[in-house]
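J.: Dropping the sequence and predicted coords here.
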Amino acid sequence: GLAEKLQGTFDKLRGKGKLSEEDVKAALREVKLALLEADVNFRVVKNFIKDIEERAIGQEVLESLTPGQQVVKIVNEELTELMGGTQSKLTLASNPPTVIMLVGLQGAGKTTTVGKLAKNLHNKGRRPLLVAADIYRPAAIKQLQVLGERLEQPVFTMGDKQDPVDIAKAGVSHAESNGRDVVIIDTAGRLHIDEKLMGELKNIKKAVKPHEILLVVDSMTGQDAVNVAENFDDALGVDGVVLTKLDGDARGGAALSIREVTGKPIKFSGIGEKLDDLEPFHPDRMASRILGMGDVLSLIEKAEQNIDAEKAKALEEKLRKEEFTLEDFLDQMDQVRNMGPLDQIMDMLPGMGDIKKLKGVNMDENHLDRIEAIINSMTLEERRNPDIINGSRRRRIAQGSGTEVQDINRLLKQFKQTKKMMKQVGDMQKGVGKGGLKG
Ligand code: GDP
Ligand code: MG
């Protein structure tokens, strides 16, 4: 994938002490190829590389003590910028109800996203009303009703015999008279963009004047997703994009191109089929993820939602102070178990993405059990200061935990890698925060 390719390139750069202009150019050629292979729009890649080259070949970078790091930092900043710089939030009406209209092709994930958004907003204390304005797709209304039941949130329908424009209008009135403060309208899609689809959407837009028109696109379709976004924006005008199925998109091309091509921000990403699988889109975190730096911030946010807020705060503090110990590692493992799909969480932990891929390492529940047993067999001192764990201590721990010495070796190595990655992310954030290139 893209992350591995970029990491390989950057490892080479970091490995060199001094960088020449030619070193940087060679690295950027590799970055360019990796981006094109990831299905990023050609025009976007060209401009992106040009911007980085201009910054990276400057004196202060090449003559700094850590030129490789500086180049990576610049790439990180430019990637973030490419995806819009800062997080773009939903517009909520000062005078409720806020009307949100979801549009997109069939199968992009509109109806699912209506449910996810309703859950997200309800969690924040809002009172959503789901409106079923897709009268064409068989069972679309039922699908929304099932979601509403699971969320215990009301769904407004008028069956499939009425005009979607009338349904949308009546839905908004219903919200007004029933104290619902966010109306989320599910609309119909087609397999391809056509005049009839656009005409209907335009009429709904005219009738209910939505505060947000969110375009839902399937990231798995790569460049097509970008074309769809361009077309919808030209014909209808959209306020933001929800990029779905990011969990299945190994390439990342759509995420990197949409903002630059359409000028419209990605506001949310869909990362699975479940109602919790919606995340606010953070360009900086996405950039770190693409660069294989792990996504500590999203992890912390997820931790905050699912676990004890106090614990999450403490973890964040430790990450910042680089005081992360094996005890914390154990604690984290425990929390990971409460947080849902292991794979998804692992991808967010620095270094874990790599560990998952190592041969012979099976990141399943059994593996977690083993890690837990190993750490439990260590003394407090060993957990806080793993450097003291010599050969005889390793044998004792292996015996105590019913594992082999090589398991202990592997765990300690993983822990070291994790710590190193965390430090890198920490340094990078410090650097970006100051806005300077010297560091
Ligand atoms: P619509 O036609 O645009 O309303 O699309 P649906 O909401 O019915 O979704 C189509 C399919 O995509 C369903 O099987 C969803 O479960 C699936 N889907 C939607 N969002 C995501 C996502 O973020 N990740 C994954 N893996 N599947 C998704
Ligand atoms: Mg639908």
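T.: Yep, it's here. Ligands and ions are numbered 1, 2, ... in the order given.
J.: Which residue ranges of the stretch 251-400 of the chain form strands?
T.: In chain order, the stretch 251-400 of the chain shows strands spanning 266-270, 278-280, with DSSP state E, counting those that start in this stretch as the criterion.
J.: Do any residues in the last one lie close to ligand 1?
T.: No - when contact is scored as CB under 6 Å from any ligand atom, no part of strand 278-280 falls within range of ligand 1; the minimum is 7.6 Å. Any C-beta I mention is one placed from the backbone N, CA and C, and that applies to glycine too.
J.: before we move on, what about the longest one?
T.: Yes - judged by CB under 6 Å from any ligand atom, strand 266-270 comes into contact with ligand 1 through Gly270.
J.: how about the CA coordinates for that strand, as PDB?
T.: C-alpha atoms of strand 266-270 as PDB (Å, rounded to 0.1, in the frame of the first residue of the first chain):
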ATOM      1  CA  ILE A 266     -14.300  15.800   3.400                       C
ATOM      2  CA  LYS A 267     -16.300  16.100   6.600                       C
ATOM      3  CA  PHE A 268     -16.700  12.500   7.700                       C
ATOM      4  CA  SER A 269     -15.300   9.100   6.800                       C
ATOM      5  CA  GLY A 270     -17.100   5.800   7.000                       C
END
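J.: Run through the neighbouring helices and strands of that strand.
T.: Under the contact criterion of 3 or more CB pairs under 8 Å, 6 or more residues apart in numbering; DSSP states H and E, the helices and strands touching strand 266-270 comprise helix 110-123, strand 240-244, helix 253-262, strand 278-280.
J.: Check the ones you listed for me and report the most buried one.
T.: Ranked by mean neighbour count, these are led by strand 240-244 with a mean of 27 (mean count of other CB atoms under 10 Å).
J.: who does that strand pair up with?
T.: Sheet partners assigned to strand 240-244 using DSSP bridges are listed as strand 212-218 (parallel), strand 266-270 (parallel).
J.: how about a markdown table for these, with mean neighbour count added?
T.: Output for these, formatted as a markdown table (neighbours: other CB atoms under 10 Å):
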| stretch | mean neighbour count |
| --- | --- |
| strand 212-218 | 25 |
| strand 266-270 | 24 |
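J.: I'd like those strands written out as CSV, with mean pLDDT added.
T.: Shown next, in CSV, are the strands paired with strand 240-244 (pLDDT from 0 to 100):
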stretch, mean pLDDT
strand 212-218, 97
strand 266-270, 96
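J.: how about the strands in the stretch 1-150 of the chain?
T.: Using DSSP E, counting those that start in this stretch, the strands assigned to the stretch 1-150 of the chain run over residues 98-103, 128-133.
J.: Among these, which comes closest to Phe42?
T.: Each of the strands of the stretch 1-150 of the chain was scored for nearness to Phe42 using CB to CB, and the closest is strand 98-103 (26.8 Å).
J.: Convert that closest one to CSV, retaining C-alpha atoms only.
T.: Written as CSV, here are the backbone C-alpha positions of strand 98-103 (Å, rounded to 0.1, in the frame of the first residue of the first chain):
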residue,chain,number,x,y,z
THR,A,98,-30.8,22.0,10.9
VAL,A,99,-31.6,20.3,7.6
ILE,A,100,-29.0,17.9,6.2
MET,A,101,-29.5,16.2,2.8
LEU,A,102,-27.5,13.2,1.8
VAL,A,103,-26.9,12.7,-1.9
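J.: Off-centre distance for that strand?
T.: 22 Å (CA atoms, centre = their mean, to the nearest Å).
J.: before we move on, back to that, please identify the most buried of the strands of the stretch 1-150 of the chain.
T.: Across these, averaging neighbours per residue (mean count of other CB under 10 Å) puts strand 128-133 on top, at a mean of 28.
J.: export the strands of the stretch 1-150 of the chain to TSV and tack on distance to ligand 2 and mean pLDDT?
T.: Rendered in TSV, the data for the strands of the stretch 1-150 of the chain read as follows (distance: least, CB to the ion, whole Å; pLDDT from 0 to 100):
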stretch	distance to ligand 2	mean pLDDT
strand 98-103	9	98
strand 128-133	9	98
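J.: The residue in the stretch 201-350 of the chain that ligand 1 sits nearest to bridge partners, please.
T.: Ligand 1 sits closest to Gly270 of the stretch 201-350 of the chain, with a gap of 2.6 Å, by CB to the nearest ligand atom. Listed by DSSP bridges, the beta-bridge partners for Gly270 are Leu278.
J.: worst-scoring helix or strand of the protein, pLDDT-wise?
T.: When the helices and strands of the chain are compared on mean pLDDT, DSSP states H and E, helix 352-357 comes out lowest with a mean of 53.
J.: mind checking how far Val71 is from ligand 1?
T.: In this structure, Val71 and ligand 1 are separated by 33 Å, where distance is defined by CB to the nearest ligand atom, to the nearest Å.
J.: If we ignore the residues flanking it in sequence, what's nearest that residue?
T.: Leaving aside its sequence neighbours, Val71 sits nearest to Ala56 (CB to CB, 6 or more residues apart in numbering; 4.9 Å).
J.: How many residues are close by that neighbour?
T.: Using other CB atoms under 10 Å, Ala56 has 27 neighbouring residues.
J.: Return the residues of this structure in contact with ligand 1.
T.: Counting by CB under 6 Å from any ligand atom, the residues of the chain lying close to ligand 1 are 104, 106-112, 189, 216, 244-245, 247-248, 270-273, 277.
J.: Can you pull the residues of the stretch 101-250 of the chain lying near ligand 2?
T.: Of all the residues in the stretch 101-250 of the chain, those in contact range of ligand 2 (CB under 5 Å from the ion) are 110-111, 140.
J.: quick check, nearest of the residues you listed to ligand 2?
T.: The shortest approach to ligand 2 among these belongs to Thr111, at 3.3 Å (CB to the ion).
J.: Name the residues that touch stretch 224-234?
T.: The list of residues contacting stretch 224-234 from outside it, by CB atoms under 8 Å, 6 or more residues apart in numbering, reads 41, 103-105, 193, 215, 217-219, 221, 238, 241, 243, 253-254, 257-258, 261-264.
J.: so which of the strands of the stretch 1-150 of the chain gets nearest His282?
T.: Between His282 and these, the shortest separation by CB to CB is 20.1 Å, and it involves strand 98-103.
J.: Which other helices and strands does the closest one contact?
T.: Strand 98-103 is packed against helix 110-123, strand 182-187, helix 195-208, strand 212-218, with contacts defined by 3+ CB pairs under 8 Å, 6+ apart.
J.: how about a cut-off of 10 Å?
T.: Contact analysis of strand 98-103 by 3 or more CB pairs under 10 Å, 6 or more residues apart in numbering; DSSP states H and E lists helix 110-123, strand 128-133, helix 164-177, strand 182-187, helix 195-208, strand 212-218 as its packing neighbours.
J.: Good, wrapping up.
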